[in-house]
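> task: produce atomic coordinates for the following.
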Amino acid sequence: MSIEKHDLLHEFPEHKEAIHDLKVSNNHFARLFKEYHELDHKVRRMELGAEFETGGHLEQCKKQRLNLKDQLYKTIQEYSSARA
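Purely as a prediction, here's the structure:
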């Protein structure tokens, strides 16, 4: 089974520089980035069967990951607009 990567650099390769800049200069972004990365890793482990998944927990984690990604992307867009 092929599991799609959802890390931010695969999701938004065109924003690689902005992601890096925000990780080192924005504590809130860095915290959300770390939380997103850890949750993405957990989801991938559940999808691969390496971590036990119970009744809807996988779907809940995917929704939480999507919410974090939306928050991170909004910050990336704001940062990129301010630099333009």
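
> now do the buried residues in the helix-or-strand element of the chain with minimal mean pLDDT.
The helix or strand of the chain with the lowest confidence, counting by mean pLDDT, DSSP states H and E, is helix 8-11 at a mean of 89. Neighbour counts over helix 8-11 (16 or more other Cβ atoms under 10 Å) mark residue 8 as buried. Any C-beta I mention is one placed from the backbone N, CA and C, and that applies to glycine too.

> swap in stretch 34-50?
Going by 16+ other Cβ under 10 Å, stretch 34-50 has these buried residues: 36, 39-40, 42-44, 46-47.

> just to revisit the earlier point, put the alpha carbons of the least confident helix or strand of the chain into PDB.
These are the backbone C-alpha positions of helix 8-11, laid out as PDB (Å, rounded to 0.1, in the frame of the first residue of the first chain):
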ATOM      1  CA  LEU A   8       4.300  20.700   4.700                       C
ATOM      2  CA  LEU A   9       7.100  20.700   2.300                       C
ATOM      3  CA  HIS A  10       5.300  18.100   0.100                       C
ATOM      4  CA  GLU A  11       2.000  19.900   0.500                       C
END
